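Novice: Could you work out the structure for the sequence below:
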Amino acid sequence: MMWKIIFVLPCFTVLVNAVGNHEEGSTSTGGPTPFPNIEDWADSLEEIKISDWSNLSTGPSPNQKDLASDALKNSGCPTDIVEVLLLNSYIFNWPDHFKERNPNGYKTTFHIKYLACRRIPGAPVVYVSHISNIGVPEPGLLFVFDKLE
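Specialist: Residues are numbered from 1 along each chain as shown. Next comes the predicted model:
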């Protein structure tokens, strides 16, 4: 019995040290602190011009959605808008002036090319702010690309 305790003790020590001591009020997520509001977060993102819209995903796959979610959280996106932005990444949730219905579903309109886009680091994703773009609903749109230059 004693040998079992001696064998388990180093494993317990490693686990305790890996978890660490957390002071009250600290977070264990390890990610960046979310910005307090959309404006500050959007200002922290690089504004980019999209030249190739052919890689835009009008219905992100589960993998793309997971990558976008992680990228949003790692960019400091306010936590209260992450899920809304992920829902707004699907074309059927976009305003009508950014999409056209055709027999095969939806396609984008030329209006989309004039939007001010901000790059989300870590994934082929851009944020379109309602503050910088007329006709974009709050809290904005998320465009997920298959690849982004």
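
Novice: CA atoms for contacts and neighbours, from now on please.
Specialist: OK.

Novice: low-confidence ranges in the protein?
Specialist: Counting by pLDDT under 70, the low-confidence segments of the chain come to 1-30.

Novice: in which helix or strand would I find the residue nearest the centre of the chain?
Specialist: In the chain, the residue lying closest to the centroid (CA atoms, centre = their mean) is Leu72, at 2.7 Å. When elements are assigned from DSSP states H and E, Leu72 belongs to helix 62-74.

Novice: So for that helix, what gets flagged as buried?
Specialist: Gln64, Lys65, Leu67, Ala68, Ser69, Ala71, Leu72, Lys73, Asn74 (16 or more other CA atoms under 10 Å).

Novice: helices and strands around it, which ones?
Specialist: helix 82-87 (3 or more CA pairs under 8 Å, 6 or more residues apart in numbering; DSSP states H and E).

Novice: helices or strands up against the helix it packs on?
Specialist: helix 62-74, strand 141-145.

Novice: Can I get the ones you listed in CSV including distance to His130?
Specialist: Shown next, in CSV, are the helices and strands packed on helix 82-87 (distance: least, CA to CA, whole Å):
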stretch, distance to His130
helix 62-74, 17
strand 141-145, 8
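
Novice: looking at those, which is closest to Val125?
Specialist: Taking CA to CA, strand 141-145 is the member of the helices and strands packed on helix 82-87 nearest to Val125, at 4.6 Å.

Novice: So which residues make contact with the closest one?
Specialist: 55-58, 60, 64, 68, 85-86, 88-89, 94, 124-130 (CA atoms under 8 Å, 6 or more residues apart in numbering).

Novice: now with 10 Å?
Specialist: Strand 141-145 is contacted from outside by 52-61, 64-65, 67-68, 72, 82, 84-91, 93-95, 117-120, 123-130, using CA atoms under 10 Å, 6 or more residues apart in numbering.

Novice: who are the neighbours in contact with Lys65?
Specialist: Residues near Lys65 by CA under 10 Å, 6+ apart: Gly59, Ala71, Leu86, Leu87, Ser89, Val125, Val144.

Novice: Most widely separated two among those?
Specialist: It's Gly59 and Ala71 that sit farthest apart of those, by CA to CA, at 17.5 Å.

Novice: what about the helix holding Leu72, distance to the chain center?
Specialist: 5 Å (CA atoms, centre = their mean, to the nearest Å).
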